[in-house]
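[1] sequence first, predicted model second:
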Amino acid sequence: MKNIGILGGTFNPIHNGHLYIASEAMEELSLSEVLFIPAGNPPHKSDSAILEASIRGDMTKAAIKDYQGFTYCDYEINKKSYSYTYETLQYLNSKYTNTKFHFIVGADSLLNLHKWKNVPEILRLARLVVFMRPGSSREELEEVKKNTEENYGTEIIFLELLQMDISSSDIRKRIQEKRNYKFLVPEEVFNYIEANDLYR
């Protein structure tokens, strides 16, 4: 059976933190591949700062093109309706046979999992892999992990990572304030942003 990771998000823009998370997940969980899936029309976000899906998709493709095992998936980008995680997982499970999916999310996603649509289906179709974010409470996460595992009969894995405090919102703010951000994103993404005058 193949083990494949899933890393989704708005990727607005994708940054080095995303690549680090995917790389560590591949190594720690012995994944053969990590799918990068930019959200097309996320129901929980209506921020006008979110660039159109095709642009975020282009940046994601540029960021991962030189990494073996990193694969771009445009399923949510191409959807006209809202992008719900359980639907994406249903699609991936129909496309890939003999595969165990590992859905990689931040600590905040575990804490807010009860707000997601069709949680039982999400946890049936993929194993949840949670990485810590700066400021996260390990004690609180352990409690939520325990309760979620008991309530849904699932297993949740904690991914032990360096605490890299990189966020897309900070990168956008730096760009607007004309501050240096080149060290936070892959070179291809930096060049794309500059060439297309994005986030200003």
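    Cool, the structure landed. Not measured: the values here are computed from a predicted model.

[2] can you list the residue ranges for strands in the protein?
    Assigned by DSSP state E, the chain shows strands spanning 2-9, 33-38, 70-72, 99-106, 127-131, 156-159.

[3] will you turn those into TSV that also has distance to Asn118 and mean pLDDT?
    All C-beta atoms are positioned from the backbone trio N, CA, C, and that covers glycine. TSV is the format used below for the strands of the chain (distance: least, C-beta to C-beta, whole Å; pLDDT from 0 to 100):
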stretch	distance to Asn118	mean pLDDT
strand 2-9	15	97
strand 33-38	17	98
strand 70-72	25	98
strand 99-106	13	97
strand 127-131	14	96
strand 156-159	17	95
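
[4] out of those strands, which is closest to Glu188?
    Taking C-beta to C-beta, strand 70-72 is the member of the strands of the chain nearest to Glu188, at 12.8 Å.

[5] can you give the distance of that closest one from its chain's centre?
    Relative to its chain's centre, strand 70-72 lies at 12 Å (C-alpha atoms, centre = their mean, to the nearest Å).

[6] what sits up against that strand?
    The contact list for strand 70-72 (C-beta atoms under 8 Å, 6 or more residues apart in numbering) reads Leu19, Ala22, Glu33, Val34, Leu35, Phe36, Gly57, Thr60, Lys61, Ile64.

[7] please apply the same query to stretch 129-143.
    Contact with stretch 129-143 is made by 5, 21, 25, 29, 102-111, 145, 156-161, 163, 165, as judged by C-beta under 8 Å, 6+ apart.

[8] how does it look with 7 Å?
    Around stretch 129-143, the neighbours that count as contacts under C-beta atoms under 7 Å, 6 or more residues apart in numbering are 21, 25, 29, 102-108, 110, 156-159, 161, 163, 165.

[9] report the buried members of these.
    Buried members of those, counted by 16 or more other C-beta atoms under 10 Å: 21, 25, 29, 102-107, 110, 156-159, 161.

[10] of the residues you listed, closest to Lys173?
    Among the buried ones among the contacts of stretch 129-143, Gly106 lies closest to Lys173 (C-beta to C-beta), at 19.2 Å.

[11] thanks again, I'm all set now.
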